[in-house]
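> I would like to see how this sequence folds:
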Amino acid sequence: MLILYLRKILLLFALTVVTGAQAGVYEDMLQAIELDDDETVAALLKRGVDVNSVGPSGEPLLTLGARNGKPAVVKTLLAARPKLNAPNANGETALMLAAFGGHVEIVQQLLAKGAAVDQPGWTPLSYAAARNQLEIARLLIKAGAKVDAEAANGTTALMMAAREGHLAMVLLLLEHGANINHKTKAGYTPLEMAIAHGRRDVAETLLKAGAKQ
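Numbers count the residues shown, from 1 in each chain. Next up is the predicted model:
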């Protein structure tokens, strides 16, 4: 705790000696996000750091905070009205990364501000399904996420859950109307994915629910 406190003091001190949008200030912002130091983040924003700044790796500040599970920082960044759906270099939004990481509080913050629950390609629900984040999946569905939204290759959230063997997620998605016989662009169904990856319990559940062989 002492080390974290000292690092915070050093960051705050840096604000008095760094001007403009110099690289050093951006590095201070990255460190403050890593520490979930919302006070320093707020101070840096006040001094002119652009809330929509994107680093060399293509990571906006908001997606960085969401990926790392830093709710205090995300709250502060959201107060500065960033671009909610700005993607990183991999096309991932803050909501997608929060869903993947299981950061429920951040998902709630982003949804409350109006973050998009669907987009072309991979979606927050698919990311939640891949990691069996049930609470987050429920939040996304309640917010209007399309259960059968497809990635570019035709994969849906149900397919992600079936492939990874997440039975509870499979049941949740089926409960909300997921297409049990949907096919990817390559022609694979959720059942075939479950079988290919040795997910016997999921395969049996899909068959009982009406999956075609």
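
> The closest residue in space to residue 203 that isn't next to it in sequence in helix, strand or coil?
Nearest non-adjacent residue to residue 203, counting by Cβ to Cβ, 6 or more residues apart in numbering: residue 194, 4.2 Å away. For the C-beta atoms, the positions are set from N, CA and C on the backbone; glycine is no exception. Under DSSP: H, G, I helix; E, B strand; the rest coil, the three-state class of residue 194 is helix.

> tell me, how many neighbours does residue 204 end up with?
14 (other Cβ atoms under 10 Å).

> If we ignore the residues flanking it in sequence, what's nearest the most centrally placed residue in the chain?
Nearest residue to the geometric centre of the chain (Cα atoms, centre = their mean): residue 97, 2.0 Å. Nearest non-adjacent residue to residue 97, counting by Cβ to Cβ, 6+ apart: residue 67, 4.2 Å away.

> thinking again about what came up before, pLDDT score assigned to the residue nearest to residue 203?
Note on residue 194: pLDDT of 99.

> Quickly note the distance from residue 44 to residue 50.
10 Å (Cβ to Cβ, to the nearest Å).

> Name the residue in the two with the higher neighbour count.
Taking other Cβ under 10 Å, residue 44 and residue 50 do not tie; residue 44 has more neighbours (27 against 14).

> Skipping adjacent residues, who's closest to the more buried one in space?
Nearest one to residue 44, counting by Cβ to Cβ, 6+ apart, is residue 29 at 5.0 Å.

> Assign a three-state SS to the one you found, would you?
Relying on three-state DSSP, one would call residue 29 helix.

> Show the pLDDT at residue 18.
Residue 18 is given a pLDDT of 37.

> Over to residue 8?
pLDDT, residue 8: 56.

> Just the terminal-to-terminal distance for stretch 85-93.
6 Å (Cα to Cα, to the nearest Å).

> circling back to that earlier point, residue 53 is in contact with the residue nearest to residue 44, correct?
Yes. Look at residue 29 against residue 53 with Cβ atoms under 8 Å: they come within range, at 7.2 Å.

> Find residues that contact each of the two.
Here residue 29 and residue 53 have residue 61 as joint contacts, going by Cβ atoms under 8 Å, 6 or more residues apart in numbering.

> one step back: ok, now how distant is the residue nearest to residue 203 from residue 172?
Residue 194 is 15 Å from residue 172, by Cβ to Cβ.

> This structure: helices as residue ranges?
All helices of the chain, identified by DSSP state H, fall at 2-14, 23-34, 38-46, 61-67, 71-79, 94-101, 104-112, 124-130, 134-142, 157-164, 167-175, 190-196, 200-208.

> In terms of mean pLDDT, which of those helices ranks lowest?
Mean pLDDT is lowest for helix 2-14 out of the helices of the chain, coming in at a mean of 49.

> Number of residues surrounding residue 79?
When counting by other Cβ under 10 Å, one arrives at 14 neighbours for residue 79.

> what does residue 61 give?
With other Cβ under 10 Å as criterion, residue 61 counts 30.

> now residue 172
For residue 172, the count of nearby residues is 22 (other Cβ under 10 Å).
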